[in-house]
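**Student:** can you look at this prediction? I've put the sequence above it.
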Amino acid sequence: MRIELPAAAIEVTVGDITRQEDIEAVVNAANAWLMPGGGVAGAIHRKAGPALAEACRPLAPIRPGEAVITAGFGLPNAHVIHCLGPVYGVDRPEAALLARCYRAAIALADGKGIASIAFPALSTGAFGYPVEEAAPIACSAVVEALKEAHTVRLVRHVLASDALARRFAEATRKAAAR
């Protein structure tokens, strides 16, 4: 699914975040220490190679809602933007922190002149954020951040399942209609 906004587009797809060859920056669902883990972080670190962990060391730790950027190393993307999403029920206020992740990543990309960025569903895996709550927050934050962006022209939500993609597509349509 693709939605055209006045100055950018948002896509929602099912796929592998490490195989977005046409995207300049992918977002890592990072842990505070920016080290390999499970899920998205593990997949990104495996594909990027050990140089990614070395580049991350001096940037850590980060706090929930924050984003930092590194090179993409072995990934097909020039950059990785590492975001620490909130742990549901632990990091408060979790909705504001989740929205801040998406806004911070887009602002960071925009500041570096990056035109395209791909996100996983931040905080919805091991961090336990319910998708039905996370999707509207994420999609609204993306739509709002794109209104301020100068260089980011494409945001792609790369999701692990059709059910997740349906949720994000619906939330994107609603956010874009506001």
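**Tutor:** Yes, it's here.

**Student:** show me where this structure has helices.
**Tutor:** Ranges of helices in the chain, per DSSP state H, are 39-48, 50-56, 94-111, 131-148, 162-177.

**Student:** from Ala41, how far out is Ala126?
**Tutor:** Separation of Ala126 from Ala41 (Cβ to Cβ, to the nearest Å): 9 Å. In this view, the C-beta of every residue, glycine as well, is placed from N, C-alpha and C.

**Student:** same list (the helices of the chain) but as a markdown table, adding mean pLDDT.
**Tutor:** Listed next are the helices of the chain as a markdown table, based on pLDDT from 0 to 100:
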| stretch | mean pLDDT |
| --- | --- |
| helix 39-48 | 96 |
| helix 50-56 | 98 |
| helix 94-111 | 98 |
| helix 131-148 | 98 |
| helix 162-177 | 97 |
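
**Student:** quick one: the ones you listed as CSV, columns for distance to Ile10 too.
**Tutor:** Formatted as CSV, these follow (distance: least, Cβ to Cβ, whole Å):
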stretch, distance to Ile10
helix 39-48, 19
helix 50-56, 27
helix 94-111, 11
helix 131-148, 6
helix 162-177, 5
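
**Student:** mind putting those into TSV with mean neighbour count and distance to Val68?
**Tutor:** Formatted as TSV, those follow (neighbours: other Cβ atoms under 10 Å; distance: least, Cβ to Cβ, whole Å):
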stretch	mean neighbour count	distance to Val68
helix 39-48	20	13
helix 50-56	17	8
helix 94-111	22	8
helix 131-148	20	17
helix 162-177	18	24
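
**Student:** closest to Ala9 out of these?
**Tutor:** helix 131-148 (9.0 Å; Cβ to Cβ).

**Student:** what's in contact with the closest one?
**Tutor:** For helix 131-148, the surrounding residues in contact (Cβ atoms under 8 Å, 6 or more residues apart in numbering) are 5, 7-8, 10, 95, 98-103, 106-107, 110, 119, 121-124, 152, 155, 157, 163-164, 167-168, 170-172, 174-176, 178.

**Student:** could you export it as CSV, CA atoms only?
**Tutor:** Extracted C-alpha coordinates of helix 131-148, given in CSV (Å, rounded to 0.1, in the frame of the first residue of the first chain):
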residue,chain,number,x,y,z
VAL,A,131,0.1,-3.5,17.9
GLU,A,132,-3.4,-2.1,18.1
GLU,A,133,-2.1,0.7,20.2
ALA,A,134,1.3,1.1,18.6
ALA,A,135,0.2,1.4,15.0
PRO,A,136,-1.9,4.6,15.3
ILE,A,137,0.8,6.3,17.4
ALA,A,138,3.6,5.3,14.9
CYS,A,139,1.6,6.3,11.8
SER,A,140,0.5,9.6,13.2
ALA,A,141,4.0,10.5,14.3
VAL,A,142,5.3,9.6,10.8
VAL,A,143,2.7,11.8,9.0
GLU,A,144,3.4,14.7,11.4
ALA,A,145,7.2,14.4,11.1
LEU,A,146,7.0,14.3,7.3
LYS,A,147,5.2,17.7,7.4
GLU,A,148,8.4,19.2,8.8
